[in-house]
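Pasting the sequence and the predicted coordinates here, then a few questions.
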2 protein chains.
Amino acid sequence: MSGPAAGALTPKPLRQDAARNRHLLLEAARTVFGQDGLETAVEDVARTAGLGTGTIYRHFASKADLITALVEDLSDQVEISADTALLKKDGSGLWDFLYAAGEIQARNQGLLCRFWAGRARAAQVASIRAKISRLVNAAHKHKTLPASVGQPDVLLVLHGLRGVIEANYEDRPDAWQRYLELATIALKAGSKRK
Amino acid sequence: MSGPAAGALTPKPLRQDAARNRHLLLEAARTVFGQDGLETAVEDVARTAGLGTGTIYRHFASKADLITALVEDLSDQVEISADTALLKKDGSGLWDFLYAAGEIQARNQGLLCRFWAGRARAAQVASIRAKISRLVNAAHKHKTLPASVGQPDVLLVLHGLRGVIEANYEDRPDAWQRYLELATIALKAGSKRK
DNA sequence: TCACATCCGGAACCGTGATTCAGGTTCCGG
DNA sequence: CCGGAACCTGAATCACGGTTCCGGATGTGA
């Protein structure tokens, strides 16, 4: 019954090159999907990684799974940014976070649609939202943000951010910075919520 | 050589029911694509219209063509809104236009991505941009908009609008109104452009 | 270095959905 | 009311891309 090291802690120490290939695939997927959108054929991902399509399926159960892995990573990055921002004790964390979110999303263009949208990932999205709420509270407390502006408003700004990045990726990859500048003005100015 | 009425002005006066069906198809397409996205099968469009798939191809060269027709119509609506807004002589046209654009886009959810994006439609998009420029100028002239905020900024707002509508269509279909409220604040407050 | 478990490549397989086509049907002018 | 052009239908055709599979290559432990 009690094997020496049977625990659920050792899924499988992946063979050295297998690990490398997995990495290559994720990297290629991020590049290709980010550049040409999620509808790009898996074969393109494989080719970009310099591997065969079969290899993808050795590492991921399906194309959707591959994408999930990518989005998960994206979520993690956002979550970490939020955590970092929460460390600031002067109510400025919210603004740091917005900018960080912009950078992350700009880096991952084609994946954005799956980020907020998908009915899956609900848990992670909820977690991020909660953190945003805390950032908003902190900002309220330190008068960095008027009380009339709430977390839903910040979410609106983030949703808009996606639209801006998608639309301007080619011509003006930095447009989102100006967008956030304007958004910041709006949030700080605030107004009675409907 | 010179026939009696050979002119290029009479493509073909579509038979009565053919015209009706064409209408039904466009209507169904707007509904279905708007509701379930552009990746929905043409068969669904046909079924919704109560017609066969073949009929679609009698009226449109391809699915892409059908979508183009829809987007064209969308463009027209936006263009008309811009024209209407341009009639206001007190510099408030820009704000009317933003709201009108929001309404139009909210009504056509699933088609939005093709609106600004697609490399095609360039001419029409250019035309709309030109009109926005004029609206911005008028606003500048009447001090409704600070000089530091330009047409590119308005475009950013519109791009963001799309993101907001897409992300909130299900839960909060009216979220875009609050978004525009905030956007208006930002634009009116303005700030030195980068 | 040997034998084996893992892994990889990429052609074959399959389902999905756009597009075409061979009839039957419906309008329209006379 | 007729003949024929214009239309419509929906099953068949085709292309595309995800997924599977098996022979061959490669890393690993002894």
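Yep, it's here. For clarity, every value in this text was computed on a predicted model and none was experimentally measured.

Tell me which residue is most central in chain A.
In chain A, the centroid-proximal residue (C-alpha atoms, centre = their mean) is residue A:74; its distance is 3.3 Å.

pLDDT score assigned to whatever residue of chain A ends up closest to DNA strand D?
Ranked by C-beta to the nearest atom of the strand, the top residue of chain A for proximity to DNA strand D is residue A:16, at 3.0 Å. Placement of C-beta: from N, CA and C, glycine included. Residue A:16 is assigned 93 on the pLDDT scale.

One more: residue A:21?
Reported pLDDT for residue A:21: 98.

And residue A:10, by the same measure?
For residue A:10, pLDDT reads 62.

host element of residue A:78?
helix A:63-87 (DSSP states H and E).

what helices or strands is that helix leaning on?
The elements that helix A:63-87 packs onto, with contact taken as 3 or more C-beta pairs under 8 Å, 6 or more residues apart in numbering or on different chains; DSSP states H and E, are helix A:16-36, helix A:42-49, helix A:53-59, helix A:93-107, helix A:112-116, helix A:122-141.

Report the mean confidence score over that helix.
Rounded mean pLDDT across helix A:63-87 is 95.

Need the contact partners of that helix.
Residues from elsewhere that reach helix A:63-87 (C-beta atoms under 8 Å, 6 or more residues apart in numbering or on different chains): A:25-26, A:29-30, A:33, A:38, A:42, A:45, A:56, A:59-60, A:93-94, A:96-97, A:100-101, A:104, A:108, A:111, A:114-115, A:118, A:120-121, A:124-125, A:127-128, A:131-132, A:134-135, A:138.

try 7 Å
A:26, A:29-30, A:33, A:38, A:42, A:56, A:60, A:93-94, A:96-97, A:100-101, A:104, A:108, A:111, A:114-115, A:121, A:124, A:127-128, A:131-132, A:134-135 (C-beta atoms under 7 Å, 6 or more residues apart in numbering or on different chains).

same thing with stretch A:22-41?
With C-beta under 7 Å, 6+ apart, stretch A:22-41 has contacts from A:44-45, A:48-51, A:56, A:59, A:66-67, A:69-70, A:108-111.

gap between it and the chain center?
Chain-centre distance of stretch A:22-41: 15 Å, with C-alpha atoms, centre = their mean, to the nearest Å.

Pull out the CA atoms of it and give them to me as PDB.
Extracted in PDB, the C-alpha atoms of stretch A:22-41 (Å, rounded to 0.1, in the frame of the first residue of the first chain):
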ATOM      1  CA  ARG A  22       7.400  21.500 -24.800                       C
ATOM      2  CA  HIS A  23       8.900  24.800 -24.200                       C
ATOM      3  CA  LEU A  24       9.500  25.400 -27.900                       C
ATOM      4  CA  LEU A  25       5.900  24.600 -28.600                       C
ATOM      5  CA  LEU A  26       4.500  27.000 -26.100                       C
ATOM      6  CA  GLU A  27       6.900  29.700 -27.300                       C
ATOM      7  CA  ALA A  28       5.900  29.000 -30.900                       C
ATOM      8  CA  ALA A  29       2.300  28.900 -30.100                       C
ATOM      9  CA  ARG A  30       2.500  32.300 -28.300                       C
ATOM     10  CA  THR A  31       4.200  33.800 -31.300                       C
ATOM     11  CA  VAL A  32       2.000  32.300 -34.000                       C
ATOM     12  CA  PHE A  33      -1.300  32.700 -32.200                       C
ATOM     13  CA  GLY A  34      -0.400  36.100 -31.000                       C
ATOM     14  CA  GLN A  35       0.500  37.200 -34.500                       C
ATOM     15  CA  ASP A  36      -2.100  35.500 -36.700                       C
ATOM     16  CA  GLY A  37      -4.900  34.700 -34.300                       C
ATOM     17  CA  LEU A  38      -6.100  31.600 -32.700                       C
ATOM     18  CA  GLU A  39      -7.600  30.200 -35.900                       C
ATOM     19  CA  THR A  40      -4.100  29.500 -37.200                       C
ATOM     20  CA  ALA A  41      -3.500  25.800 -38.000                       C
END
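
low-confidence ranges in chain A?
For chain A, the stretches with pLDDT under 70 are A:1-11, A:110, A:112-120, A:192-194.

what does it put close to DNA strand D?
A:15-17, A:39-43, A:53-54, A:57, A:62-64 (C-beta under 7 Å from any atom of the strand).

from these, which is closest to chain B?
residue A:39 (8.3 Å; C-beta to the nearest C-beta).

which residues touch residue A:108?
A:30, A:34, A:74 are the contacts of residue A:108 under C-beta under 7 Å, 6+ apart.

do that again at 6 Å, thanks
A:34, A:74 (C-beta atoms under 6 Å, 6 or more residues apart in numbering or on different chains).

Equivalent analysis for residue A:157, please.
Counting by C-beta under 6 Å, 6+ apart, residue A:157 has contacts residue A:183.

Now name the helix or strand holding it.
helix A:151-168.

Can I get that helix as CSV, trimmed to CA atoms?
The C-alpha coordinates for helix A:151-168 follow below in CSV (Å, rounded to 0.1, in the frame of the first residue of the first chain):
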residue,chain,number,x,y,z
GLN,A,151,-14.3,48.3,-9.7
PRO,A,152,-16.8,47.8,-12.6
ASP,A,153,-15.4,51.0,-14.1
VAL,A,154,-11.9,49.7,-13.9
LEU,A,155,-13.1,46.5,-15.7
LEU,A,156,-14.6,48.6,-18.4
VAL,A,157,-11.3,50.3,-18.9
LEU,A,158,-9.5,46.9,-19.1
HIS,A,159,-12.1,45.6,-21.7
GLY,A,160,-11.5,48.7,-23.7
LEU,A,161,-7.8,48.2,-23.4
ARG,A,162,-8.2,44.9,-25.3
GLY,A,163,-10.1,46.6,-28.1
VAL,A,164,-7.5,49.3,-28.4
ILE,A,165,-4.6,46.8,-28.6
GLU,A,166,-6.2,44.6,-31.1
ALA,A,167,-7.1,47.4,-33.4
ASN,A,168,-3.8,49.2,-33.3
